[in-house]
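Sequence and predicted structure below; questions after.
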Amino acid sequence: MSDTQSIMSSMVETREFPPPPDFVKDAHIKSIDEYEQLHRQSIEDPEGFWGERAKNHHWFKPHDTVLEWNAPNAKWFVGGKTNVAYNCLDLQIERGRGDHPAILWEGEPGEVVTFTYSELRDRVCQTANALKKLGVGKGDVVTIYMPMVPELAIAMLACARIGAPHSIIFGGFSASAIADRAKDAESKIILTADGGWRRGKVVPLKQNVEDAISQYGGIAKVVVLKRCENDIPWNDGRDVWWHDVVDAESTECEAEQCDSEDLLFILYTSGTTGKPKGIMHTTGGYMVYTALTAKHIFDLKPDDVYWCTADIGWITGHSYITYGPLQNGVTTLMYEGAPNQPDWGRFWEIVQKHKVTKFYTAPTAIRAFMRQGDDIPAKYDLSTLKLLGSVGEPINPEAWMWYHEHIGGERCPIVDTWWQTETGGILIAPIPGAITLKPGSATRPFFGIDAAVVDEAGVEQPANAGGFLVIRKPWPSMLRGVYGDMNRFQEQYWSQLPGIYFTSDACRRDDDGNFWLMGRVDDVINISGHRIGTAEVESAIVSHPTVAEAAVVGIPHEIKGQALAAFVALKSSSTPSDDLKKELLAHVAKEIGAIARPDQLRFTDALPKTRSGKIMRRLLKELASTGEVKGDTTTLEDFSVIASLSADDD
Ligand code: PRX
């Protein structure tokens with residue numbers, strides 16, 4: 001725990017921002033007392049609290065029991081039958097939102113398309129009917145690998161409508177990543193596009209799918225959306241155009257009556273081993289929790305134009321572009337492209353043009369904007385903004401202050417939202433009309449969340465002492481397992497402290513009960529708000545024929561938060577060279593995706609190991625970050641390895 005203590009001492013932040021009176025006036029929850037009273041109730045009587053909240057949703061059949069908990073297995077709203085797509089669309093239309101814009105989309109080249117709730121429902125039904133005709137039935141996993149276009153949201157809702165779990169793969173991932181995930185999920189169908197726009201270039205999505213299929217032969221159907229009109233490989237028996245199968249379909253498709261615990265989706269995330277984990281989320285609990293968190297944390301109101309800049313391929317996009325906002329009947333904005341296309345003013349131009357009211361992004365983006373200068377956002381009218389959000393990694397107080405001043409005009413609360421792919425929804429974040437903000441703190445747990453900071457033995461730590469963040473009670477949107485690997489589920493999250501969810505994040509709680517997140521405690525690195533398992537990158541490097549062994553560690557990075565440094569020992573038959581270095585970096589990008597490409601790569605004759613043969617990543621991390629090794633080397637087998645590595649310059 002000494003590492004967490006040292007992080008802690010450098011983070012003393014005393015600035016405080018109480019909820020602005022103008023904001024409080026219209027907020028759903030208006031005072032700390034109200035928050036605390038609801039939170040207490042939700043912890044003391046979770047079944048009463050959640051049972052009541054479930055009534056705001058549409059159920060074909062209400063639940064018999066709110067919760068069945070046999071750690072680590074939770075069942076929420078047991079016996080209930082519902083449909084998440086119905087709740088996102090039909091229920092909103094029944095509530096009078098049919099003509100209200102549901103999705104407001106801007107493509108990177110600049111085109112704008114709006115779907116009202118009624119139009120979106122029609123499109124979802126047509127797509128659902130098309131999927132059924134292609135043979136997709138309840139329980140069949142549909143792999144989706146698409147750009148940030150409305151059809152991506154439509155595809156996921158169409159799957160939800162017919163009870164087919166989706167497995168969305170971020171469009172920045174490579175062919176091997178698609179093949180691994182489709183194979184793990186035993187998926188037989190992929191929805192994709194010819195390409196997607198990113199920084200003025202076409203990302204060759206269909207080509208990547210083709211390459212994936214050459215590695216995994218289980219795909220029988222590929223549905224291709226025409227987006228960029230780029231040339232693509234085509235297989236007549238297997239591939240169909242989206243417009244050919246969807247456009248002629250009926251706009252009526254009855255929503256499947258799903259069991260509350262039916263699988264809604266799988267989303268793969270990095271862990272400490274080389275194999276991504278298929279995190280499983282089910283229907284009822286996820287639906288209720290994402291709707292309620294979206295409502296209270298973003299303080300959603302009917303006229304909000306809400307923009308979350310994440311890609312739908314990450315959990316943030318699943319919960320807070322699609323399912324959470326749509327269940328609140330607001331307009332959710334989707335943008336296809338890069339923040340700097342054609343220049344660094346693009347996001348602010350979108351805010352100005354579409355009169356965005358709530359804006360949710362990642363610290364890495366904020367740091368990148370900061371670096372480009374204050375004068376860029378100053379050129380735009382950002383006065384429609386009422387609230388800002390942050391997600392993905394701890395936000396450093398300087399970035400928080402810059403965001404507050406230059407984007408939020410010092411009037412918008414900032415909700416720093418802590419959560420994970422596994423948690424399904426936000427667990428720790430300010431309720432903006434109630435909680436006093438402290439830059440760098442995610443503040444207080446949401447309703448029903450019993451968060452604590454503990455030591456290895458599970459003993460709760462006193463205020464300001466660092467420790468492990470754990471969640472002591474089940475919550476509705478918690479993961480239900482790791483697809484095809486329930487041992488890993490048990491092992492990874494529930495074995496450290498029986499019956500308690502282990503987040504793998506370090507944290508401290510201050511005197512006022514605010515949580516301050518301090519980063520991961522395992523071998524998972526957070527790059528630009530996305531989790532990359534170092535083991536996965538090591539496996540990718542080692543899969544290159546010239547490589548004998550590799551170690552990958554995280555190092556601090558000004559914009560990305562963290563970056564990767566790789567140490568590579570080649571087979572004796574190979575010789576280090578700049579070309580080989582480039583080739584290995586390109587190999588990682590090909591195997592996993594550009595996001596996992598190390599910033600540094602050094603060749604070494606051997607890796608520093610303990611006498612028992614474990615790679616001493618701690619020393620490599622120190623070396624890569626500071627250029628030298630001062631830490632404890634007593635367990636090191638052979639110091640000459642470090643000496644020769646230090647002599648190298650990169
Ligand atoms: O370390 C925490 C960090 O991101 C991890 C979860 O990553 P992922 O599953 O990819 O989900 C990211 C988006 C929800 C966490 O274990 N993290 C996420 N949000 C925050 C954060 N760290 C500090 N503050 C946050 N607000």
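The structure has been received and is ready for your questions. Note that the structure is a prediction, hence the values are computed from the model and not measured.

Any chance you could give me stretch 265-283 in PDB, C-alpha atoms only?
The C-alpha coordinates for stretch 265-283 follow below in PDB (Å, rounded to 0.1, in the frame of the first residue of the first chain):
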ATOM      1  CA  PHE A 265     -25.000  -7.400 -24.100                       C
ATOM      2  CA  ILE A 266     -21.500  -8.500 -23.800                       C
ATOM      3  CA  LEU A 267     -18.700  -6.000 -23.800                       C
ATOM      4  CA  TYR A 268     -15.100  -7.000 -23.900                       C
ATOM      5  CA  THR A 269     -12.600  -5.300 -21.700                       C
ATOM      6  CA  SER A 270      -8.900  -5.700 -20.800                       C
ATOM      7  CA  GLY A 271      -7.900  -7.600 -17.700                       C
ATOM      8  CA  THR A 272      -4.600  -8.700 -16.200                       C
ATOM      9  CA  THR A 273      -4.200 -11.700 -18.600                       C
ATOM     10  CA  GLY A 274      -3.700 -11.500 -22.300                       C
ATOM     11  CA  LYS A 275      -7.300 -12.500 -23.000                       C
ATOM     12  CA  PRO A 276     -10.100  -9.900 -23.100                       C
ATOM     13  CA  LYS A 277     -13.000 -10.500 -20.800                       C
ATOM     14  CA  GLY A 278     -16.500 -10.600 -22.100                       C
ATOM     15  CA  ILE A 279     -18.400  -8.600 -19.400                       C
ATOM     16  CA  MET A 280     -22.000  -9.700 -19.200                       C
ATOM     17  CA  HIS A 281     -24.800  -7.200 -18.600                       C
ATOM     18  CA  THR A 282     -28.400  -8.300 -18.300                       C
ATOM     19  CA  THR A 283     -31.800  -6.600 -18.900                       C
END
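
Let's test this: mean pLDDT of the helix ranked longest in the chain, rounded?
Of all the elements of type helix in the chain, the one with the most residues (DSSP state H) is helix 117-133. Averaging pLDDT along helix 117-133 yields 98.

Break this structure down into its domains, please.
Domain assignment for the chain, taken from automatic domain parsing, gives 7-507, 541-647.

ends of stretch 571-586, how far apart?
Start-to-end span of stretch 571-586 (CA to CA, to the nearest Å) is 19 Å.

which parts of that stretch are buried?
For stretch 571-586, burial by neighbour count (16 or more other CB atoms under 10 Å) applies to 576, 580-581, 584-585. C-betas here are computed from N, CA, C, even on glycine.

between those residues, which is nearest Glu249?
Nearest to Glu249 among these is Leu585, at 44.8 Å by CB to CB.

ok, which residues in the stretch 351-500 of the chain are in contact with the ligand?
Within the stretch 351-500 of the chain, the positions near the ligand by CB under 6 Å from any ligand atom are 391-394, 416-421, 442.

Can you give me the neighbour number for Asp632?
Using other CB atoms under 10 Å, Asp632 has 10 neighbouring residues.

should've said Glu491
Residues within reach of Glu491, counting by other CB under 10 Å, total 12.

And the pLDDT for Gly554?
If you check Gly554, the pLDDT there is 92.

Cross-check the buried residues of stretch 571-586 against the ligand and keep the overlap.
Among the buried residues of stretch 571-586, no residue sits close to the ligand (CB under 6 Å from any ligand atom).

and those as TSV, adding pLDDT and distance to Ala85?
Formatted as TSV, those follow (pLDDT from 0 to 100; distance: CB to CB, whole Å):
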residue	pLDDT	distance to Ala85
Pro576	95	54
Leu580	97	50
Lys581	97	48
Leu584	97	44
Leu585	97	41
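
ok, Phe515 touching Arg444?
Yes - using CB atoms under 8 Å, Phe515 is in contact with Arg444, at 7.2 Å.

shared neighbours, those two?
Counting by CB atoms under 8 Å, 6 or more residues apart in numbering, the shared contacts of Phe515 and Arg444 are Ile428.

So which residues on the protein come close to the ligand?
Contact residues (CB under 6 Å from any ligand atom) of the chain with the ligand: 269, 315-316, 391-394, 416-421, 442, 503, 505, 517, 520, 526, 530-531.

Report the backbone C-alpha coordinates of stretch 159-178 in PDB.
Provided in PDB are the C-alpha atoms of stretch 159-178 (Å, rounded to 0.1, in the frame of the first residue of the first chain):
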ATOM      1  CA  CYS A 159     -30.800  -6.400 -31.000                       C
ATOM      2  CA  ALA A 160     -32.400  -5.400 -27.700                       C
ATOM      3  CA  ARG A 161     -35.800  -5.400 -29.300                       C
ATOM      4  CA  ILE A 162     -35.500  -9.100 -30.300                       C
ATOM      5  CA  GLY A 163     -33.600 -10.300 -27.300                       C
ATOM      6  CA  ALA A 164     -30.400 -10.900 -29.200                       C
ATOM      7  CA  PRO A 165     -27.400  -9.800 -27.000                       C
ATOM      8  CA  HIS A 166     -25.000  -7.400 -28.800                       C
ATOM      9  CA  SER A 167     -21.300  -7.500 -28.600                       C
ATOM     10  CA  ILE A 168     -20.000  -4.200 -29.900                       C
ATOM     11  CA  ILE A 169     -16.300  -3.800 -30.800                       C
ATOM     12  CA  PHE A 170     -14.800  -0.400 -30.900                       C
ATOM     13  CA  GLY A 171     -14.100   0.700 -34.500                       C
ATOM     14  CA  GLY A 172     -10.500   1.400 -33.600                       C
ATOM     15  CA  PHE A 173      -9.800  -2.300 -32.900                       C
ATOM     16  CA  SER A 174      -8.000  -4.400 -35.400                       C
ATOM     17  CA  ALA A 175      -9.000  -7.600 -37.300                       C
ATOM     18  CA  SER A 176      -7.400  -9.900 -34.700                       C
ATOM     19  CA  ALA A 177      -9.400  -8.200 -31.900                       C
ATOM     20  CA  ILE A 178     -12.600  -8.700 -33.900                       C
END
